[in-house]
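Novice: The following block contains a protein sequence and its predicted model.
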Amino acid sequence: MKFPLRNGCICLLLVVLAPGVAWAQATAQLNGKVTDESGGVLPGVTVTVTQTDTAFTRSVVTDDAGTWLLPNLPTGPYKIEVALQGFKTYVQTGIVLQVAASPTINTVLGVGNLEETVSVEAAAPIVDVRSAGISEVVEQERIVELPLQGRQVTDLIMLAGAAIQTGRPNSRSFQGGVNISVAGGLDFGVMYMLDGAFHNDVQNAGGMPLPFPDALQEFRVATSGTAAANGMHSGASVNAVTKSGTNRLHGNAFEFLRDHRFNATSPFAPIGKDGKHADDGLKRNQFGGTAGGPIVHDKLFYFGAYQGTPTRVTPTDNIAYVPTAAMLAGDFSAITSPACNNGRQIALRAPFVNNRVSPSLLSPAALNLAKRLPTTTDPCGLTTFSLPSDRDEAQYVGRIDYDHAAGRRQHGPVGHAGRYDGLRHEHRECRPVCVQPDDRQPLQQRFLRAGGSRHRRVRVLAHQGADPDRVGPRVRDLGSHRDPWRGQ
């Protein structure tokens, strides 16, 4: 608990001390134009938007052209209120802002008393006239309801179209990530962002693991015309946002089970005494839950999530070739026959005679080592064996959101993912954010991206099997200049 506690304290401190800066990539924005019934523009109109889940409020006044812009809005459902003395107040609900969205809402105010209200309940227009790119949002409903192998959220990126998975990270990379090519681009040309922070593996430029489905709010896949913020990776961008707390307590619990009793056995597994193929003993539990709600109503919110995935499996259909009893006695005629070489006869050179050799010429160390290998009755040396492949995976997500009285929001999400199966992989992130509501300042003075991530890999390579010193003569005594077991 040393590292998570320390990193969590650092993140909390950064959230409290964060200055008034903005982080646009994990947010959305609203814009529009206000006119009267004759089509004339109305300057000086007060436009107020309120996030209905948290009562987060932002306001702006229209300029001389009657236009207004509210950037850096947290995602979620909103209500907009447009008011000007001498006109009826316009109220629209049902507006849902998605990550990186920029809907335009134009309103027309009718002459009347300020106390009179014109209410409209409808979603914001889908048309985005401020960006030239092509993108698609995979919302929370599809993330949770669509079937996913292993609950791997990144598989849903293919829903955006023109995307294919080119592979998974190798053992040297952080496990759980993904390599995806979009629109014919390179798999390392995709920019991944989580809550606005860089989320690519620094070693292979692939995508890091995204939070599990219950902890992820939504993500947007932009396949062309990406913004300058994605300049490091021009192929495409994946912009994901974690869930956050609201004024209502909400949460869930889940468990998914995979058990060997419900699976078919491998046709290549050995047959047991009962005449059936041996199973792999698979037992995979994937369990966890989420919880979010208010700490201080309308001010301070929390969200936490955890998913654990212990897997216990021992595959019994592993195939290998070992020396047969005849080979250990110096008879290699069977292993060189056409039956073991795809119809091709092999003739071994001297000191072999008719593919036989005196056992005294065989290496004593090799013979000693062969005694510790599985035995086989197959003339070609084929044997099947079992090998445990257990692993434990854990992922947790925590987030704190604080809304200032002036309409400024701070949030500090912390994420962690681990995989333990002899190779230990850890990934921690700390992303404090503060949104500045003072829209009178130039945007370039208020945008700052801040984020940090820590990657840790611990390789645990334990020697399994026989001790080299008990096998026979040391390797260097057999003519080698270096002992591969001891590095000497």
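Specialist: Yep, that arrived. Residues are numbered from 1 along each chain as shown.

Novice: What ranges does this protein have for its helices?
Specialist: Applying DSSP state H to the chain gives helices spanning 2-17, 140-145, 325-328, 364-370, 468-471.

Novice: what's the least confident stretch among those?
Specialist: Confidence, taken as mean pLDDT, is least for helix 2-17 of the helices of the chain (a mean of 43).

Novice: Next one: Leu216 from Arg142, what distance?
Specialist: Here the distance between Leu216 and Arg142 works out to 11 Å (Cβ to Cβ, to the nearest Å). Any C-beta I mention is one placed from the backbone N, CA and C, and that applies to glycine too.

Novice: Between the two, point out the one with more neighbours.
Specialist: Comparing Leu216 with Arg142 by neighbour count (other Cβ atoms under 10 Å), the higher total belongs to Leu216, at 22 against 13.

Novice: Gln140 reaches Phe219, doesn't it?
Specialist: No - taking Cβ atoms under 8 Å as the contact criterion, Gln140 and Phe219 are not neighbours in contact, 9.7 Å apart.

Novice: of the two, who's got more company?
Specialist: Neighbours per residue (other Cβ under 10 Å) separate Gln140 from Phe219, with Phe219 holding more: 28 against 16.

Novice: Now do the contacts for the more buried one.
Specialist: For Phe219, the contacting residues are 99, 137-138, 143, 153, 156-157, 210, 238-241, taking Cβ atoms under 8 Å, 6 or more residues apart in numbering as the criterion.

Novice: so where's the protein shaky on pLDDT?
Specialist: Low-confidence regions of the chain, defined here as pLDDT under 70, cover residues 1-25, 122-130, 132, 161, 169-176, 225, 227-232, 404-488.

Novice: hmm, try it at 50
Specialist: With pLDDT under 50 as the threshold, the chain has low-confidence stretches at 1-24, 422-423, 433-449, 461-466, 476-488.

Novice: Please parse it into its domains.
Specialist: 24-121, 134-242, 250-316+388-459, 318-385 (automatic domain parsing).

Novice: now Val238, which residues is it bridged with?
Specialist: Val238 has these beta-bridge partners by DSSP bridges: Tyr192, Val221.

Novice: Correct me if wrong: Asn392 contacts Gln286.
Specialist: That one is not Asn; residue 392 is Asp. No - the criterion here is Cβ under 8 Å, and Asp392 misses it with Gln286 at 11.5 Å.

Novice: joint contacts of these two?
Specialist: The contact sets of Asp392 and Gln286 overlap at 308-309 (Cβ under 8 Å, 6+ apart).

Novice: between the two, who's got more neighbours?
Specialist: Counting neighbours by other Cβ under 10 Å for Asp392 and for Gln286 shows that Gln286 has the greater number, 18 against 14.

Novice: List the contacts of the closest residue to the more buried one other than its chain neighbours.
Specialist: For Gln286, the nearest residue in space outside its immediate sequence neighbours is Phe256; the separation is 4.3 Å by Cβ to Cβ, 6 or more residues apart in numbering. The contact partners of Phe256, taken as Cβ under 8 Å, 6+ apart, are 151, 285-287.

Novice: From these, list the buried ones, please.
Specialist: When burial is judged by neighbour count using 16 or more other Cβ atoms under 10 Å, the buried members of the contacts of Phe256 are 151, 286.

Novice: any idea how far Asp274 is from Phe268?
Specialist: 18 Å.

Novice: More neighbours: those two, which one.
Specialist: Taking neighbours as other Cβ under 10 Å, Phe268 and Asp274 compare with Phe268 leading, 12 against 7.

Novice: in the protein, what residue sits furthest out from the centroid?
Specialist: For the chain, the C-alpha farthest from the mean C-alpha position belongs to Val353; by Cα atoms, centre = their mean, that distance is 59.6 Å.

Novice: Return the set of residues that bridge with that residue.
Specialist: Bridge pairing for Val353 (DSSP bridges) gives the partners Arg356.

Novice: Ok, Thr309 next?
Specialist: On the basis of DSSP bridges, Thr309 is bridged to Glu393.

Novice: thinking again about what came up before, nearest to Ala26, of the contacts of Phe256?
Specialist: Arg151 (22.3 Å; Cβ to Cβ).

Novice: surely that closest one meets Phe212?
Specialist: Yes - with contacts counted by Cβ under 8 Å, Arg151 reaches Phe212, the gap being 5.5 Å.

Novice: Any chance you could list residues touching both of the two?
Specialist: Counting by Cβ under 8 Å, 6+ apart, the residues touching both Arg151 and Phe212 are Gln307.

Novice: can you count the residues close to the residue nearest to Ile164 when sequence neighbours are not counted?
Specialist: Across the structure, with Cβ to Cβ, 6+ apart as the measure, the residue nearest Ile164 apart from its sequence neighbours is Ser181 (5.5 Å). Ser181 has 19 neighbours, counted by other Cβ under 10 Å.

Novice: now swap in the one 4 residues further on and tell me
Specialist: Using other Cβ under 10 Å as the criterion, Gly185 is surrounded by 18 other residues.

Novice: How about it, nearest residue that isn't a chain neighbour?
Specialist: Beyond its immediate neighbours in the sequence, the residue positioned closest to Gly185 (Cβ to Cβ, 6+ apart) is Gly235, lying 3.2 Å away.

Novice: tell me the phi and psi of the one you found?
Specialist: The phi and psi torsions at Gly235 (degrees, to the nearest 10) take the values phi -70, psi -50.

Novice: Spit out the contact partners of it.
Specialist: Residues 181-183, 185-186, 189-191 are the ones in contact with Gly235 under the rule Cβ under 8 Å, 6+ apart.

Novice: Mind doing that once more with 10 Å?
Specialist: The neighbourhood of Gly235, defined by Cβ atoms under 10 Å, 6 or more residues apart in numbering, consists of 180-191, 223-224, 226.

Novice: One more: Ala205?
Specialist: With contacts taken as Cβ under 10 Å, 6+ apart, Ala205 has the following neighbours: 173, 179, 186-192, 232-233.

Novice: now do 8 Å
Specialist: 188, 233.

Novice: contacting residues for the nearest residue to Asp63 once chain neighbours are set aside?
Specialist: If the residues on either side of it in the chain are set aside, Asp63 comes closest to Pro43, at 6.2 Å by Cβ to Cβ, 6+ apart. Pro43 makes contact with 62-66, according to Cβ under 8 Å, 6+ apart.
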